[in-house]
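**Student:** Quick one, fold the following:
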Amino acid sequence: MTQQLPVIDLSGLMSDDHIALHRISREIGKACRTIGFFYVVNHGIAAIPAAFEQSAKFFALPPAQKRALAIEEVGGNRGYSGLLHEALDPKRGADMKEAFNIGLDLAPDDPELLAGVPFRSLNAWPDLPDFKRALLGYFDDCVALGQQIHRAFALDLGLHADFFQDKLDRSMATLRLLHYPAISPGAPDQMSAGEHTDYGNITLLATDEVGGLEVRTRAGEWIAAPPMPGAFVVNIGDCLMRWTNDIYVSTPHRVINRSGKERYSIAFFFDANPDALVAAIASCVPAGENPRYEPISAADYLKMRLDASKPAGGAAAGPM
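**Tutor:** All right, here's what the predicted structure looks like:
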């Protein structure tokens, strides 16, 4: 595991510094065409420690309190998923992780909720002071950062910088808190999160100091993505790969917690709006060729991927 993921400095991105935006777009474009993973630093999000504090408090709750918020009961890909409940790589067995999902926070009378728009659902909240406030603030910060990174994508792809903005302003994003218990020394091959690709546009992953994330290069080599204090690990998801006609790479990855310690991470899966049309960007289709994929709405694409990941008799699995 000698290759390293690129590190991209986002200084100036959030302030509409056009020189910085063009620099960042070049660096991001190169990473997206090769490994599909990169770190970002100087991203402007200061609430990461507070989000981890709330995550630890949630996973320390008694099992019955967590199960009361089970994803099967809450619906809409919201709520709690217990240990060994998901198998991202079924041939390697169930994942040794537990998770809690939240999405765009809606009022009970939200028009999209009342209309039954796909992936619009109410969040479920544990009885923890400050949990909702802290996590919704973090969610909003990640939305803003994700939108800015898409401006860099757009420039790299030969589009106007705002190409993606009206496709991401009511995103189907999911914020997923993750807890990986220490793996027993007697089960060294136990997957914490089996090999998979993510389904949406991008993932912003914050990790604690415990490693375990591994990325598979195009050559088939597994390389480590070690923790980098204050940084996000960013990766391209399958939907953006489809949007770019496979110009950008959605890369398989996995988590194996060999540390002997508990591991925590927070993944922000940034999907497009439910009605956004995912159709091959013209600049990504070579002259004289047809796009590799038919157009599809972002909601239909996400549903297709989640349905395909459902274990027999269970709820849809969630990445990382």
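**Student:** Pull the contacting residues for R242.
**Tutor:** R242 makes contacts with 278, 280, 292-293, 296, 301, as judged by CB atoms under 8 Å, 6 or more residues apart in numbering. (Glycine included, C-beta is placed from N, CA and C.)
**Student:** ok, so of those residues, who is nearest L136?
**Tutor:** Y301 (25.8 Å; CB to CB).
**Student:** Would you quantify the distance from that closest one to P295?
**Tutor:** 10 Å (CB to CB, to the nearest Å).
**Student:** got it, and E221?
**Tutor:** For E221 relative to P295 (CB to CB), the value is 35 Å.
**Student:** do D109 as well
**Tutor:** D109 is 32 Å from P295, by CB to CB.
**Student:** Would you mind telling me which of the two has more residues around it?
**Tutor:** In this view D109 and P295 are compared by other CB atoms under 10 Å, and P295 has more residues nearby, 13 against 7.
**Student:** For stretch 150-169, which outside residues touch it?
**Tutor:** Contacts for stretch 150-169 (CB under 8 Å, 6+ apart): 13, 21-22, 24-26, 28-29, 32, 143, 146-147, 201-202, 240, 244, 247-248, 270, 272-273, 276, 281, 283-284, 298.
**Student:** Pull out the buried members of those.
**Tutor:** 13, 21, 24-25, 28-29, 32, 143, 146-147, 201-202, 240, 244, 247-248, 270, 272-273, 276, 281, 284, 298 (16 or more other CB atoms under 10 Å).
**Student:** Out of the residues you listed, name the ones that lie in helices.
**Tutor:** 21, 24-25, 28-29, 32, 143, 146-147, 240, 298 (DSSP state H).
**Student:** so which of those residues comes closest to F100?
**Tutor:** V143 (18.3 Å).
**Student:** would you say F268 is within a strand?
**Tutor:** Yes. The assignment for F268 by DSSP: H, G, I helix; E, B strand; the rest coil puts it in a strand.
**Student:** residues near it, how many?
**Tutor:** Neighbours around F268, by other CB under 10 Å: 25.
**Student:** That one contacts N201, doesn't it?
**Tutor:** No. Contact criterion CB atoms under 8 Å: F268 and N201 do not qualify, at 11.0 Å.
**Student:** Which positions in stretch 176-183 come out as buried?
**Tutor:** 176-181, 183.
**Student:** Lowest-confidence one in those?
**Tutor:** Ranked by pLDDT, the buried residues of stretch 176-183 bottom out at I183 (81).
**Student:** need the contact list for that residue.
**Tutor:** I183 sits in contact with 96, 190, 192, 256-258, 260, where contact means CB under 8 Å, 6+ apart.
**Student:** for S171, same thing?
**Tutor:** S171 sits next to 104, 143, 146, 270-273 when contact means CB under 8 Å, 6+ apart.
**Student:** Secondary structure class of it, three-state.
**Tutor:** Recorded secondary structure, S171: coil (three-state DSSP).
**Student:** What's the separation between it and A182?
**Tutor:** 34 Å.
**Student:** just N77 next, same as before
**Tutor:** Distance from N77 to A182, by CB to CB: 28 Å.
**Student:** likewise V210?
**Tutor:** Distance from V210 to A182, by CB to CB: 9 Å.
**Student:** mind listing the strands for the stretch 201-320 of the chain?
**Tutor:** According to DSSP state E, counting those that start in this stretch, the stretch 201-320 of the chain carries its strands in the segments 202-207, 213-216, 222-224, 232-236, 253-255, 263-270, 277-278, 296-297.
**Student:** now the first one against strand 263-270, angle please.
**Tutor:** When you say that, I think you mean strand 202-207. 160 degrees (axes from the mean of the first three to the mean of the last three CA atoms, to 10 degrees).
**Student:** Which strands or helices does strand 202-207 pack on?
**Tutor:** helix 48-59, helix 131-156, strand 232-236, strand 263-270 (3 or more CB pairs under 8 Å, 6 or more residues apart in numbering; DSSP states H and E).
**Student:** Repeat the analysis, applying 10 Å as the threshold.
**Tutor:** strand 37-41, helix 48-59, helix 131-156, strand 174-180, strand 232-236, strand 253-255, strand 263-270 (3 or more CB pairs under 10 Å, 6 or more residues apart in numbering; DSSP states H and E).
**Student:** okay, and for the stretch 151-300 of the chain, where does confidence drop off?
**Tutor:** For the stretch 151-300 of the chain, the stretches with pLDDT under 70 are 185-188.
**Student:** Please repeat the previous calculation with a cut-off of 90.
**Tutor:** For the stretch 151-300 of the chain, the stretches with pLDDT under 90 are 182-195, 211, 217-220, 256-260.
**Student:** show me what contacts V234?
**Tutor:** When contacts are counted by CB atoms under 10 Å, 6 or more residues apart in numbering, V234 touches 5, 8, 10, 28, 31-32, 36-40, 43, 145-146, 149, 202-205, 268, 270.
**Student:** what do you get for H22?
**Tutor:** 152, 155-156, 161.
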